[in-house]
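Trainee: Take a look and give me a structure for this.
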Amino acid sequence: MSTLSYLDKLLDGVEVEWLTASEIFNIKNGYTPSKAKKEFWEDGNIPWFRLEDIRTNGRELNDSILYVNQAGVKGNLFPKDSIFMSTTATIGEFALVKIPHLTNQQITNFSLKNEFE
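Mentor: Next up is the predicted model:
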């Protein structure tokens, strides 16, 4: 019986450069614009994702349940084709988001760095 692990067998004879997630992705947490400020949520057109979006719409997301408007945005939107993952509560839930978006603070966003696109 071989003492090689499955990964060792799979990569036998192949040179591999191992990188950390932070070397490949821009990694940022989401946030929730203040719910007390109605002006952040009225007439919103910017998708704002929560874990409920995965439960309702699956792991490839093109639309969100809730939206914020530009007044509720701090900084930049997360780019399309980002992966997000829950890092609190239900840890490990994930989705591919096909549109520019924001997420709540339970979610960490992973977007490819330019050199890997």
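Trainee: I'd like the distance between the residue nearest to the spatial centre of the chain and Phe94.
Mentor: In the chain, the centroid-proximal residue (CA atoms, centre = their mean) is Phe84; its distance is 1.8 Å. Distance, Phe84 to Phe94, using CB to CB, to the nearest Å: 7 Å. To be clear about C-beta, it is placed using only N, CA and C from the backbone, and glycine gets the same treatment.
Trainee: Repeat that for Val73.
Mentor: 23 Å.
Trainee: just the strands in the chain please.
Mentor: For the chain, strands defined by DSSP state E occupy the ranges 25-29, 46-49, 60-61, 66-68, 82-86, 94-97, 102-103, 107-112.
Trainee: So for Phe40, which of the ones you listed sits nearest?
Mentor: Evaluated with CB to CB, those place strand 66-68 nearest to Phe40, the distance being 5.5 Å.
Trainee: For the chain, which segments are assigned as helices?
Mentor: Assigned by DSSP state H, the helices in the chain fall at 6-10, 21-24, 51-57.
Trainee: mind giving me TSV with those helices and columns for distance to Glu115, mean neighbour count and mean pLDDT?
Mentor: Formatted as TSV, the helices of the chain follow (distance: least, CB to CB, whole Å; neighbours: other CB atoms under 10 Å; pLDDT from 0 to 100):
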stretch	distance to Glu115	mean neighbour count	mean pLDDT
helix 6-10	25	9	87
helix 21-24	9	10	97
helix 51-57	29	16	96
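Trainee: Between these, which one is closest to Ser34.
Mentor: Across those, closest to Ser34 is helix 51-57 (CB to CB), at 19.3 Å.
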